[in-house]
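# got a predicted structure plus its sequence, pasted below:
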Amino acid sequence: MELLLKKNVDKLGRIGDIVKVKEGYARNYLLPNGLATNVTPANLKQIEKEKIKMELQLKEERERLQGVLEKISAASCTIRVKANEEGKLFGSVTPANIAEGLTKEGFPVTKEMVKLDNPVKVCGVYDVTIALNLEMQTKCKVSVVREDMDQAENA
């Protein structure tokens, strides 16, 4: 089934793209959620107008996010965790933990923005990818340290 995308859909396409999808996916997800519509000349014209408007908004958003991206790339956060003597964690550090650490440092990051291949299970310094949207991403430093190491330094 061919549909015209009304919104960007991850792993499928962008606004204005004509995509071929299975009928069930179209009927149960894309059409009810307003993400796509049938391909007609009138719909093509309407989507083209919306696409132009959306590109202007994206340009403004991109400029705004560029400043945030630069701040995040210079950012670093320290996450204190319980770990054994060798530095292996009792648990793991997940994107939610990293997002929380960066938010405490004053950077508005959600767990969806933090891209980790696997949860962190060993103490150390990591370069973590932060993706503000599909096109804009950067790396920031995240230090994972043992809780009691910090207390020993203060004594």
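Sure, I can see it.
# and the strands in this structure?
Applying DSSP state E to the chain gives strands spanning 2-5, 18-20, 36-38, 76-81, 88-93, 114-115, 120-122, 124-131, 137-146.
# Throw those strands into a markdown table and include mean neighbour count, thanks.
For glycine as for every other residue, the C-beta is placed from the backbone atoms N, C-alpha and C. A markdown table is the format used below for these (neighbours: other Cβ atoms under 10 Å):
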| stretch | mean neighbour count |
| --- | --- |
| strand 2-5 | 18 |
| strand 18-20 | 13 |
| strand 36-38 | 19 |
| strand 76-81 | 17 |
| strand 88-93 | 14 |
| strand 114-115 | 18 |
| strand 120-122 | 16 |
| strand 124-131 | 15 |
| strand 137-146 | 18 |
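# what about the helices in this structure?
For the chain, helices defined by DSSP state H occupy the ranges 23-25, 41-73, 95-104, 147-154.
# Ala26 and Leu3 touch, don't they?
Yes: look at Ala26 against Leu3 with Cβ atoms under 8 Å: they come within range, at 5.7 Å.
# need the residues touching each of the two.
Ala36 (Cβ atoms under 8 Å, 6 or more residues apart in numbering).
# lowest-confidence stretch among the helices of the chain?
Here the lowest mean pLDDT among the helices of the chain goes to helix 147-154, at a mean of 54.
# closest to the centroid, which residue in this protein?
Met113 (2.6 Å; Cα atoms, centre = their mean).
# closest to Asn8 out of the helices of the chain?
helix 41-73 (8.8 Å; Cβ to Cβ).
# now the closest one: buried residues?
Buried residues in helix 41-73, counted by 16 or more other Cβ atoms under 10 Å: Ile47, Met54, Leu65, Val68, Leu69, Ile72.
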